[in-house]
Every structure is written in structure tokens, then in C-alpha cells.
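>>> Sequence plus predicted model, see below.
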Amino acid sequence: MTAQTTLTVSYTLSPPESTNSPPSLATKGAHAFVVEANKTANPGEYYAALQKSIAAAREKLGEELTAWRDAIGNGEAGKEKAAKAARAEDEDEDEDEQL
């Protein structure tokens, strides 16, 4: 008997405290997706089954993370702009030091 291969994906989110999220949204999640072929099977079969499992994982995580994005809204937009500006400033300083 051969062991079944499983693709496992987990995440932990830290939404802003000001986020009013519905109780149905969990900040932690874990999912297991069975690869419907044995590693000892034909490699093409195995990788096709693995690709299906990865696609299922992407779809599931996409649904859950999109719900979180919608719940947070623009709450994180200011942070992203500030981080980009700080990185750009650091790059400018690095260029000045090289001259």
C-alpha cells in the first residue's frame, strides 16, 4: 500500500484592529488537497494530478483572501503607499552614496 500525497496550505492573517469583519471570516486557515495519483505512477499522471490540486488550492485561498480584502477595504492602502515611498527614498539615498 502506498501513502497518499497531500498538498497542505495554511495561513495566518493579522488584519488591522479597525477591521469590522463578519464572524464567518477566520484569521487562520488550513486546507489539505489530495493528489489523486501515486508518486510511483507515471510521472505525467502524477504531475497532472498535482497541478489539479494546486489549482484547487489557489481557488480556495483566492476565495477566502478575497473576502478578507473586501472586509478590510482601503484600510491598508495608506500603509502600502507609505512603504513604497520609503523604499523609493532608500533607493535614492543608495544612488547618492554611490556617486
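Cool, the structure landed. Residues are numbered from 1 along each chain as shown.
>>> so what's the residue nearest to residue 15 when sequence neighbours are not counted up against?
Sequence neighbours aside, residue 72 is the residue nearest to residue 15 in space, at 5.7 Å (criterion: Cβ to Cβ, 6 or more residues apart in numbering). Any C-beta I mention is one placed from the backbone N, CA and C, and that applies to glycine too. Residue 72 makes contact with 15-16, 19, 21 under the criterion Cβ atoms under 8 Å, 6 or more residues apart in numbering.
>>> ditto for residue 6
Residue 6 makes contact with 32-35 under the criterion Cβ under 8 Å, 6+ apart.
>>> Please apply the same query to residue 58.
For residue 58, the contact set (Cβ under 8 Å, 6+ apart) is empty.
>>> Any figure for the gap between it and residue 37?
Taking Cβ to Cβ, to the nearest Å as the criterion, residue 58 is separated from residue 37 by 19 Å.
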